[in-house]
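Chemist: pasting the sequence and the predicted model now:
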There are 2 protein chains.
Amino acid sequence: MNQQLQGMTDEQAVEIFKALSNQTRVNILQMLKNPNVHFGTQAHIVKEEGFEGGICVSDIRSKTGISQSTTSQYLAILQQSGLLETKRIGQWTYYRRNEETIRQFEQYIRERL
Amino acid sequence: MNQQLQGMTDEQAVEIFKALSNQTRVNILQMLKNPNVHFGTQAHIVKEEGFEGGICVSDIRSKTGISQSTTSQYLAILQQSGLLETKRIGQWTYYRRNEETIRQFEQYIRERL
DNA sequence: TAGAGATATCGAAATTTCTCGATATCTAAA
DNA sequence: TTTAGATATCGAGAAATTTCGATATCTCTA
């Protein structure tokens, strides 16, 4: 049975709940929903290289009020849960939402919770 | 602006994420979705007093493999987050899902996350 | 190849969560 | 009113999370 039919496991869902059990991490996910609104024209929003909408760590940090190391860790937690995807381009690491996981998470809540 | 239009706050949603960041508590919420399936005919499923579908703490405990005190605490966490509602009838405390909160939570995930 | 900027990782202290057994409280029944 | 059963609360030790500053690593450029 393939992943499309199977959907998300309970374990994956609990990892996502853990990732979201922190207001700052929820805020990060929400800000990345509309990068153009939350990050100004001076921000480095990726428009090429097949990673459109990606925002670099320091731009995200400047919106959160937490330290650089905590920002990096929070982004790793969100990425490991599947909610974000990441790509290194040059010296920057860009993060953006993984809409496919978010869609599966919505489906889990709707059908399995 | 009333609650219906306003929807759930970020703070309420984070409380729910915390409540669900534990596999046993997720299991409890899932079992309460279909009490007749998960709790046998010997279970005390409320059918009167306006609290249909409610299950008492000891029946829930017998399905979870955790201690009585932990079961009681987990149910309190779920109730305080709004996911469960509770009613004392005689010497039993019954818990059941609060489908209205769950619906608002689904809406939050869909529209705000 | 040395330096600067961006990000990741490490180590640690403070706080929170997990989970239990013991005990207290509440209710019905003898 | 004493007892028994159901549930809640308390106190505590172990584990996990939070969050930081310091430091390491990576990449571009001088």
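Modeler: Received, thanks.
Chemist: CA only for contacts and neighbour counts going forward, please
Modeler: Noted.
Chemist: which stretches of chain A have low pLDDT?
Modeler: Regions of chain A meeting the criterion pLDDT under 70 cover residues A:1-5, A:48-49.
Chemist: that one against DNA strand C: which residues are in contact?
Modeler: Chain A has residues A:56-59, A:68-70, A:72-73, A:75-76, A:91-94 near DNA strand C, with proximity defined as CA under 7 Å from any atom of the strand.
Chemist: now, which of the residues you listed lie within helices?
Modeler: Among those, DSSP state H puts A:57-59, A:68-70, A:72-73, A:75-76 in helices.
Chemist: may I see the residues you listed organised as CSV, with neighbour count and distance to B:Gln107 added?
Modeler: Below are these laid out as CSV (neighbours: other CA atoms under 10 Å in any protein chain shown; distance: CA to CA, whole Å):
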residue, neighbour count, distance to B:Gln107
A:Val57, 17, 29
A:Ser58, 18, 31
A:Asp59, 16, 29
A:Gln68, 15, 33
A:Ser69, 10, 33
A:Thr70, 12, 30
A:Ser72, 16, 29
A:Gln73, 12, 28
A:Leu75, 25, 25
A:Ala76, 17, 26
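Chemist: near DNA strand D, from those?
Modeler: The subset of those within reach of DNA strand D, by CA under 7 Å from any atom of the strand, is A:68-70, A:73.
Chemist: pull the most distant pair out of the residues of chain A next to DNA strand C.
Modeler: Greatest spatial distance among the residues of chain A next to DNA strand C (CA to CA): A:Thr70 and A:Gln91, at 18.8 Å.
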